[in-house]
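Engineer: please find the sequence and the predicted model below.
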Amino acid sequence: MRSLLLAAAVTLVACSRPEPPTLKPEAAVVTAITAQGIDFRVQIQAYNSNGIDLTTRSLKANVVLDGKYDVGTVTVPAPLKLSAKQWTPIQVPLSVKWQDLTSIAALGAQRRGVPYQVNGTVAIGGETLNVDLPFRLAGTITHEQLMAAIGNSLPGLGLPGLR
């Protein structure tokens, strides 16, 4: 009887659904600002507390400048094994296209750095678990970076007061 109960307990534990990993957002680093858009490298640490490996599928992110200008949302594949009982770095490049260059020019006219937020989710999935885990990262685009992008997107227009 004890053997039967022990076997049932082991089977129940082995068949239980895995817990979602813990995300620790680290940084969203601006890698380029061009006439076409803005590129970031998102860095997150993920801890898989389970006894089995899990897999990331994709990363979805929305970028907002100055708390009010929605630059856009992008989803990129991010297949990565999250080893059991370990922290795993997740580094994903994002490229978001400008939706409204007039808003970007208005930000440049303010002659200051522009705060940004990258809000998103990491999709974890496989046979035993499918979940989207949220993250939020923030930083500041320098005035110089913004002006270079505006200058490249509007060549020859000579916009006084923006520089």
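Structural biologist: Now that the structure is in, tell me what you want to look at. This is a predicted model, so every value here is computed, not measured.
Engineer: in the host helix or strand of Gln117, what's buried?
Structural biologist: Assigning secondary structure by DSSP states H and E places Gln117 in strand 114-125. Neighbour-count burial for strand 114-125, with 16 or more other C-beta atoms under 10 Å as criterion, is recorded at 114, 116-124. Bear in mind the C-beta positions are built from the backbone N, C-alpha and C, glycine included.
Engineer: output the longest strand belonging to this protein.
Structural biologist: Among the segments of the chain that qualify as a strand by DSSP state E, the longest is strand 69-82.
Engineer: hmm, who's touching the helix or strand following that one?
Structural biologist: Beyond strand 69-82 in the direction of the C-terminus, DSSP H and E gives the next helix or strand as strand 86-97. Counting by C-beta atoms under 8 Å, 6 or more residues apart in numbering, the neighbours of strand 86-97 from elsewhere in the structure are 28, 31, 36-48, 56, 59, 61, 63, 71-74, 76, 78, 80-82, 118, 122.
Engineer: partner strands of the one helix or strand Thr55 maps to, parallel or antiparallel?
Structural biologist: With elements taken from DSSP H and E, the one containing Thr55 is strand 54-65. Each strand pairing with strand 54-65, determined using DSSP bridges, is listed with its direction: strand 69-82 (antiparallel), strand 114-125 (antiparallel).
Engineer: for Glu19, find the nearest of these.
Structural biologist: Evaluated over these, closeness to Glu19 peaks at strand 114-125, with 10.6 Å, by C-beta to C-beta.
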